[in-house]
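Undergrad: sequence and predicted structure, then a few things I'm wondering about:
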Amino acid sequence: MQLNRDDMLRAYRQMRTIRAFEERVHTEFAAGGIPGFVHLYAGEEASAAGVCLHLTERDVIASTHRGHGHCIAKGCDVKAMMQEIYGRKDGLCAGKGGSMHIADIAKGMLGANGIVGGGPPLVCGAALTAKLLKTGGVGIAFCGDGGSNQGTTAEAMNLASVWKLPAVFVIEDNGYAESTASGWSVGGDQVRRAEGYGMPGVRVDGRDFFAVHEAAGEAIARARAGEGPSLLHLKLERFFGHFEGDAMTYRAPDEIAKLRAERDCLTLFRRRVTGAGLLDASALDAVDRETAELIEEAVAEAKAAPFPPPAELLTDVYAAY
Amino acid sequence: MAKKSFRQAINEALRQEMDRDPTVVLMGEDVAGGAGAPGEDDAWGGPLGVTKGLMPRFGRERVFDTPITESAFIGCAAGAAATGLRPVADLMFVDFMGVCFDQIFNQAAKFRYMFGGKAKTPLVIRTMYGAGFRAASQHSQCLYPIFTHIPGLKVVIPSSPYEAKGLMIQAIRDDDPVIFFEHKVMYDDEEEVPDEPYVIPFGEANFLRDGEDVTIVALGRMVKFAVQASDILEKEGIESTVLDPRTTSPLDIASILESVGETGRLVVVDEASPRCNMATDISAQVAEQAFDALKAPIRMVSPPHVPVPFSPSLEDEFLPSPEKIAASVRAVMEAPARRAAA
Ligand SMILES: Cc1ncc(C[n+]2csc(CCOP(=O)(O)OP(=O)(O)O)c2C)c(N)n1
Ligand SMILES: [Mg+2]
């Protein structure tokens, strides 16, 4: 699929928004304003943006505990997301879910997930709905390297294959599950696992937006054409800890500085598009400024917003009871 | 005697039992941490550092990091227990039971009975539970009533560092599968804990306060809240007995009945969801076996029937508190004396 100037600017804006969001959540969490756990997506933006640029609201994604990036790329409201992370009443999930359960069903975002491996079976369901209701939609399961080992993921891949569901399994291999290296925890090879389930699997440089975008385009087109599921294995980087507060002693001392210098998907994108004369630097700089402003406003509004009133504790458990 | 944290008490119990018995092994996600990574080994010791230091001491032949495959490694621990090891498996958050429950309740729990008494399954599953961490709906549940429901499992809920060490050593030496619940907000609680190994037997309640007006039964983190409530009430002239059953299976119902026999009033505090929880179970048993002793209706203090919310304003509202417990005790004290049936 050819990318025009608008597509590229849109992709850059998404990636930059995710980065600015996560960098800011990092500092705000350290300052003590954000409750609970947060897992940041900075460094992995090319995956969410490269895949989601193919999607519209009829398509459904399921995310992981590291879900902010997927949410933003799928079009969730950034200010409502920030309010959710702060536990405020007008957050995307009314303050009930928080970072780990951030979701917007109307946008086709089936949620971040507190359970590793929780998403892939749900995506089979979204794909089944799309198939039966003939919406033309696809289901995308984002899953970590660690999550790729979970039984639920294996079962979902088999089911999607047997039922020829319009699904794509996107393994985001950031090298670690908590403190455990993916090279240690993954037996065999995820691409060959796909082959074992009778679906195409490809390995892609997850830092390269264009490579992700192209591979995802093929897998999604195949799903839309009724030819069944595929798997993408994306090698990418996590710039922060597993969760905020992780001392990361399991990483090499200079690892992150090096990754940021050499393997930052945003830098790679900028170099690529400006080098090839596809976009000029001033257009990208304008996006940087606008996203910085957006995040600034989002944080200021979230901090000023009210918490849910205690009576809200008892609402939303059932549709009717 | 040195002061030790809840975290240190459990770490010490594990270390001492691993020193004593070479068949005790540890497994779970990042129980050491750093497997295959370029930096430090033993980088985590579990997400909250409870098992840190055990891998350097016992090596990766006895402390196993696992992939994220609970069904496989919890089942592996059950199978190993039935065949000669004494595994301690770390399920991290009890909310993750959903992806491995079959291996626990259909397999480990039932071996002995189904195999005509010929199997023994000395398995310990350590797991974190409870709200108060702003960890939201999938990392804050109690769920021990579900395990208590299953014949063949033993369920332990320590309420302090001293209790945790003695109960953990008992759990490891026990020949049945034990689910060991650790409240995630209690790891930094400190008290005096003996250096030497000791056991606290299962099924024997602990009395923390002795009073003749009312019996308060509480579990896990709620024990501390119940003691605080008892202190508030004492100033108002209400004398309460506070009783910690320590284990819900086996349950020391005899001690509860005896205490209710003396006080005639019962308040049960349970952090678990209010339907079919320990409070309803204990209340039902007391109503069935000690109805005549009761001077007032039993009261239960539990959260409402909702998932655990994320927002601090909602989670604070959700949880029982010393004040809510005290209010229930006052209500029991004020209830009109029950008239004996004619
Ligand atoms: C069923 C289950 N097991 C364990 C956990 C704890 N946990 C949360 S994230 C995580 C690591 C996930 O690693 P990976 O899938 O590679 O995703 P990443 O964090 O690298 O994005 C673990 C073990 C969980 N939330 N759910
Ligand atoms: Mg990972």
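TA: Cool, the structure landed. Ligands and ions are numbered 1, 2, ... in the order given.
Undergrad: would you quantify the distance from the closest residue in space to B:Asp195 that isn't next to it in sequence to ligand 1?
TA: Using C-beta to C-beta, 6 or more residues apart in numbering or on different chains and skipping the chain neighbours, the partner closest in space to B:Asp195 is B:Ala2 (6.8 Å). For every residue, glycine as well, the C-beta is placed using N, CA and C. The gap separating B:Ala2 from ligand 1 is 32 Å, by C-beta to the nearest ligand atom, to the nearest Å.
Undergrad: B:Ala2: neighbouring residues, count only.
TA: Per other C-beta atoms under 10 Å in any protein chain shown, the neighbour tally for B:Ala2 reads 9.
Undergrad: next one: A:Glu28
TA: Counted by other C-beta under 10 Å, the residues lying close to A:Glu28 total 19.
Undergrad: pull the contacting residues for it.
TA: When contacts are counted by C-beta atoms under 8 Å, 6 or more residues apart in numbering or on different chains, A:Glu28 touches A:34, A:299.
Undergrad: helix or strand: which one has the closest residue to B:Ala109 other than its chain neighbours?
TA: In space, B:Ala109 comes closest to B:Gly152 once its chain neighbours are excluded; the distance is 3.5 Å by C-beta to C-beta, 6+ apart. Using DSSP states H and E, B:Gly152 falls within no helix or strand.
Undergrad: the one 10 residues further on too?
TA: With elements taken from DSSP H and E, the one containing B:Tyr162 is helix B:161-173.
Undergrad: list the contacts of that helix.
TA: By C-beta under 8 Å, 6+ apart, the residues outside helix B:161-173 that reach it are B:4-6, B:8-10, B:12-14, B:16-17, B:21, B:24, B:86, B:88, B:122, B:124, B:154, B:156, B:158, B:178, B:180, B:182, B:189-194, B:197-202, B:206, B:244, B:246-247.
Undergrad: first-to-last residue distance for stretch B:240-252?
TA: Separation of the first and last residues of stretch B:240-252 by C-alpha to C-alpha, to the nearest Å is 19 Å.
Undergrad: show me what contacts the residue minimising distance to the centre of chain B?
TA: For chain B, the residue nearest the mean C-alpha position is B:Ile157 (1.7 Å; C-alpha atoms, centre = their mean). Shown in contact with B:Ile157 (C-beta under 8 Å, 6+ apart): B:144, B:181, B:219-220, B:246-248.
Undergrad: count the neighbours of the residue of the stretch 151-300 of chain B found nearest ligand 1 for me.
TA: In the stretch 151-300 of chain B, the residue that lies nearest ligand 1 is B:Lys184 (12.9 Å; C-beta to the nearest ligand atom). Using other C-beta under 10 Å as the criterion, B:Lys184 is surrounded by 20 other residues.
Undergrad: for the stretch 51-200 of chain A, what spans make up the helices?
TA: Here the stretch 51-200 of chain A has its helices, by DSSP state H, counting those that start in this stretch, at A:68-73, A:78-85, A:119-132, A:151-162, A:182-185, A:190-196.
Undergrad: likewise for the stretch 101-250 of chain B?
TA: Counting by DSSP H, counting those that start in this stretch, the stretch 101-250 of chain B forms helices over residues B:101, B:111-114, B:144-148, B:161-173, B:221-235, given from the N-terminal end onward.
Undergrad: tell me which two of the contacts of B:Ile157 sit farthest apart.
TA: Pairwise distances among the contacts of B:Ile157 were taken by C-beta to C-beta; the largest, 12.1 Å, belongs to B:Tyr144 and B:Arg246.
Undergrad: pLDDT below threshold where in chain A?
TA: Along chain A, the parts satisfying pLDDT under 70 run over A:1.
Undergrad: residue of it closest to ligand 2, please.
TA: Of all residues in chain A, the one sitting closest to ligand 2 is A:Gly144 (3.8 Å; C-beta to the ion).
Undergrad: hmm, A:His70 and that residue touching each other?
TA: No. At 11.9 Å, A:Gly144 does not count as touching A:His70 under the criterion of C-beta atoms under 8 Å.
Undergrad: what is the neighbour count of B:Glu234?
TA: Residues within reach of B:Glu234, counting by other C-beta under 10 Å, total 14.
Undergrad: tell me how far it lies from A:Asp285.
TA: Using C-beta to C-beta, to the nearest Å, B:Glu234 is found at 68 Å from A:Asp285.
Undergrad: got the residues of the stretch 201-321 of chain A near ligand 1?
TA: The stretch 201-321 of chain A comes close to ligand 1 at residues A:His242, as judged by C-beta under 6 Å from any ligand atom.
Undergrad: where do the helices sit along the stretch 201-321 of chain A?
TA: Using DSSP H, counting those that start in this stretch, the helices of the stretch 201-321 of chain A run over residues A:209-224, A:255-262, A:265-275, A:281-304.
Undergrad: no more questions from me, cheers.
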